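Undergrad: Task: produce atomic coordinates for the following.
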Amino acid sequence: MNDFLEQGPKNPIKIQDTTFRDGHQSLLATRMRTEDMLPIAERMDSVGFWAMEVWGGATFDTMHRFLGEDPFERIMLLKKYIKKTPFSMLLRGQNLVGYRNYADDVARLFVDKSCEAGIDVFRVFDALNDFRNFETVVERIKANGKHFQGTISYSLTERRMGGEVYTLEYYIEKSKELQAMGADTLCFKDMAGIMAPFDIAKLITELKKVITIPIHLHTHYTSGMASMVYLEAIKAGVDIVDTCLAPFALRTSQPAVEPIVATLFGTTRDTGFNLKLLLEMDEFLETVAPKYRDHLSTHRMSVIDTSVLMHQVPGGMISNLVSQLKEANALDRIQEVYEEIPVTRKELGMPPLVTPTSQIVGVQSVLNVLFGRYKMVTNEVKDLAYGLYGKTPIPIDPEIQKKILKSYKRGQTPVTGRAADYLEPELAKAKAKIGDLAKDDFDLLIYAIYPTTGEKFLKWKYGIEERPQAVKPKTLEDIRKEDEAMAAAIEQVCKASL
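TA: Predicted coordinates for the structure are as follows:
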């Protein structure tokens with residue numbers, strides 16, 4: 001056992017749970033329903049988590065679009081059962097919980113209403129690490145007396161930290177910027193699971209020399225390195241890590257909490273968690289998990305994606321690429337796309353591959369392979385090249401930028417200011433369009449952020465239109481009947497073969 005963990009003052013590692021957000025987002029397409037969270041909500045509250053991530057990311061989109069649930073109501077309902085543990089959400093800076101930058105008036109109202117609903121900790125990140133895109137939301141987070149977690153999207157230029165862009169110095173300078181902005185904690189968000197254990201140990205060690213706020217680590221198990229990353233980070237003195245209850249952990253989700261609790265038991269960094277309680281909640285999740293099994297990826301035997309160690313493409317981005325190529329009847333060309341991605345990414349300013357830039361780079365890479373380089377260009381790529389997403393980590397290739405903006409509606413000269421400064425206020429127009437269908441500001445935000453699907457949801461919510469069968473929950477009885485039918489079919493096949 002490492003002497004640091006055996007002797008010295010107690011310094012329990014703090015843990016944020018992601019079961020109710022990133023866990024099922026990563027494994028089950030964000031399909032977990034509120035009704036399956038409530039039975040263990042009070043027990044989750046008694047574990048002692050630093051916070052519980054319950055919202056943000058894709059939950060807002062999936063809930064209203066596919067589950068027919070009101071995103072804000074989930075927070076309010078969970079708050080009735082979880083009264084001690086702070087609620088955390090993932091906020092995409094000026095993107096909020098959508099896929100584009102929204103005007104400042106939408107951003108301000110969104111933060112205010114999220115605070116009112118029950119969010120305590122805002123993990124704010126930007127796909128380009130352009131912290132100007134934090135300014136509006138951070139002002140409102142602070143005004144509401146909530147916790148601002150300044151977040152850096154972790155990426156690599158090459159296989160290990162270093163190279164042209166994503167160096168130790170890059171991350172230290174970005175960390176200093178966030179601390180100067182008033183961040184209460186500093187988070188590194190590794191969406192692709194590409195952190196290397198010794199890189200992170202070195203990064204944490206060096207950051208502890210210059211950063212005074214707590215350091216939080218978020219990674220995914222995709223490459224298989226995540227638990228090793230956490231152990232090295234814990235030894236180096238990281239303050240908080242993200243984990244998930246075992247049934248919704250591993251694969252492209254976070255490391256499981258139970259092995260970490262067992263590993264650190266009796267050390268200076270012992271979590272103090274009740275392992276028996278965690279295992280009881282695991283058993284409950286196992287009983288409801290079959291409802292969502294259709295969304296679990298089963299096309300590979302391995303629970304880790306070793307190829308990500310080479311191409312560094314996040315799991316969600318891979319699924320989008322596969323979907324696009326299938327539609328074009330060109331799945332056999334996916335290797336060409338993998339080879340194109342780093343080239344396109346560098347030409348577009350080397351953005352971290354996280355929503356929405358992962359989709360922007362991915363879609364353009366597919367188009368480049370199928371139709372010729374930049375023969376077809378998406379509107380999002382044009383917006384990126386014009387500067388509407390912010391400043392890219394390195395300049396966009398000037399020749400490529402010129403080609404992309406050749407017939408762009410806003411002009412051919414890119415802007416360099418804060419992205420949202422070029423956006424007109426949106427709320428008044430949204431309110432006029434949706435009219436009385438939006439009963440309050442919560443409804444208005446659902447429509448303002450997702451106009452088409454948001455309006456459809458509000459019609460479901462108020463009984464103007466009936467919810468389609470697709471958004472009605474599958475029950476355990478449905479699963480039982482499916483299993484019985486499958487067993488009967490297998491039996492018939494077996495009898496026929498005898």
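Undergrad: Skipping its backbone neighbours, what lies nearest Gln312 in space?
TA: Ile194 (5.3 Å; CB to CB, 6 or more residues apart in numbering). (Each C-beta comes from the backbone N, C-alpha and C, glycine too.)
Undergrad: show me where pLDDT drops low in the protein?
TA: Within the chain, the set of residues satisfying pLDDT under 70 comprises 1-4, 299, 315-316, 319, 469-498.
Undergrad: The residue nearest in space to the middle of the chain and Gly411, how far apart?
TA: By CA atoms, centre = their mean, the chain has its centre lying nearest to Gly57, at 4.7 Å. As for Gly57, its distance to Gly411 is 33 Å (criterion: CB to CB, to the nearest Å).
Undergrad: swap in Gln7?
TA: Here Gln7 is placed at a distance of 64 Å from Gly411 (CB to CB).
Undergrad: next one: Ile172
TA: For Ile172, the distance to Gly411 equals 37 Å [CB to CB].
Undergrad: With neighbour numbers in mind, choose between the two.
TA: Ile172 (16 against 9; other CB atoms under 10 Å).
Undergrad: Walking through the stretch 51-200 of the chain, point out its helices one by one.
TA: Listed in chain order, the helices of the stretch 51-200 of the chain (DSSP state H, counting those that start in this stretch) span residues 59-62, 71-81, 104-117, 135-143, 168-180, 197-210.
Undergrad: Domain ranges for the protein, per the record?
TA: Here the domain parsing of the chain from automatic domain parsing is 11-295, 313-422, 427-471.
Undergrad: Please point out which parts of stretch 190-202 sit buried.
TA: By neighbour count, with 16 or more other CB atoms under 10 Å as the criterion, the buried positions of stretch 190-202 are Asp190, Met191, Ala192, Gly193, Ile194, Met195, Ala196, Pro197, Asp199, Ile200, Ala201.
Undergrad: chain center to it: distance?
TA: Its chain's C-alpha centre lies 17 Å from the corresponding centre of stretch 190-202 when counted by CA atoms, centre = their mean, to the nearest Å.
Undergrad: sorry, back to before: what residues are up against the residue nearest to Gln312?
TA: The neighbours of Ile194, taking CB atoms under 8 Å, 6 or more residues apart in numbering as the test, are Tyr154, Ser155, Leu156, Thr222, Ser223, Met225, Val308, Leu309, Gln312.
Undergrad: roughly how far apart are the first one and Lys146?
TA: Distance, Tyr154 to Lys146, by CB to CB: 24 Å.
Undergrad: Neighbour count: those two, which is higher?
TA: A count of neighbours by other CB under 10 Å puts Tyr154 above the other of Tyr154 and Lys146, at 27 against 18.
Undergrad: ok, and the closest non-adjacent residue to the more buried one?
TA: The shortest distance from Tyr154 to any non-neighbouring residue, by CB to CB, 6+ apart, is to Asp190 (4.2 Å).
Undergrad: quick one, phi psi at Ile240?
TA: Ile240 adopts backbone torsions of phi -140, psi 140, taken as degrees, to the nearest 10.
Undergrad: Relative to Gly118, how far out is it?
TA: Computed with CB to CB, the distance linking Ile240 and Gly118 is 20 Å.
Undergrad: swap in Leu203?
TA: Using CB to CB, which is the criterion applied here, Leu203 is 33 Å from Gly118.
Undergrad: Those two - which one has more neighbours?
TA: Looking at Leu203 and Gly118 with other CB under 10 Å, you find the greater number of neighbours at Leu203, namely 24 against 20.
Undergrad: Spell out which residues sit in contact with the residue nearest to the centre of the chain, please.
TA: When contacts are counted by CB under 8 Å, 6+ apart, Gly57 is found next to Arg21, Asp22, Gln25, Thr30, Leu90, Val97, Thr355.
Undergrad: go with 6 Å
TA: Gln25, Leu90 (CB atoms under 6 Å, 6 or more residues apart in numbering).
Undergrad: what does Thr378 give?
TA: Going by CB under 6 Å, 6+ apart, Thr378 touches Val363.
Undergrad: let's go with 7 Å and repeat that
TA: Each residue near Thr378 by CB atoms under 7 Å, 6 or more residues apart in numbering is listed here: Val363, Gln364.
Undergrad: and the gap between it and Ala438?
TA: The span separating Thr378 from Ala438 equals 30 Å under the rule CB to CB.
Undergrad: got it, and Leu207?
TA: As for Leu207, its distance to Ala438 is 44 Å (criterion: CB to CB).
Undergrad: Could you count how many residues lie near His220?
TA: Residue neighbour count, defined by other CB under 10 Å, stands at 28 for His220.
Undergrad: That one falls within a helix, correct?
TA: No. Checked against DSSP: H, G, I helix; E, B strand; the rest coil, His220 lies outside a helix; its state is coil.
Undergrad: how near is the closest residue to it other than its chain neighbours to Gln335?
TA: For His220, the nearest residue in space outside its immediate sequence neighbours is Gly193; the separation is 3.8 Å by CB to CB, 6+ apart. Distance, Gly193 to Gln335, using CB to CB: 21 Å.
Undergrad: cool, and Glu424?
TA: Counting by CB to CB, the separation of Glu424 from Gln335 is 43 Å.
Undergrad: for Leu203, same thing?
TA: Applying CB to CB, the value for Leu203 to Gln335 is 32 Å.
Undergrad: which outside residues touch stretch 7-23?
TA: For stretch 7-23, contacts defined as CB under 7 Å, 6+ apart pick out 37, 44, 49-57, 59, 88, 234, 239-245, 248-249, 253-254, 257, 264, 268-272.
Undergrad: For that stretch, what is the distance to the chain centroid?
TA: The chain centre lies 18 Å from the centre of stretch 7-23; the measure is CA atoms, centre = their mean.
Undergrad: do stretch 86-104 as well
TA: A distance of 11 Å separates the centroid of the chain from that of stretch 86-104, by CA atoms, centre = their mean.
Undergrad: Would you mind listing the outside residues contacting that stretch?
TA: Outside stretch 86-104, the residues touching it (CB under 7 Å, 6+ apart) are 16, 51-57, 60-61, 75, 107, 110, 114, 118-126, 133-134, 136-137, 355-356, 388-389, 419-420, 423-426, 449-450.
Undergrad: Quick check: end-to-end length of that stretch?
TA: In terms of CA to CA, to the nearest Å, the two terminal residues of stretch 86-104 are separated by 26 Å.
Undergrad: List the buried residues for it?
TA: Of the residues in stretch 86-104, those buried by neighbour count under the rule 16+ other CB under 10 Å are 86-98, 100-104.
Undergrad: residues of stretch 391-398 that come out buried?
TA: Under the neighbour-count rule (16+ other CB under 10 Å), stretch 391-398 has Lys391, Thr392, Pro393, Ile396, Asp397 buried.
Undergrad: repeat for stretch 445-452
TA: If you call a residue buried by 16+ other CB under 10 Å, then stretch 445-452 has these buried ones: Leu445, Ile446, Tyr447, Ala448, Ile449, Tyr450.
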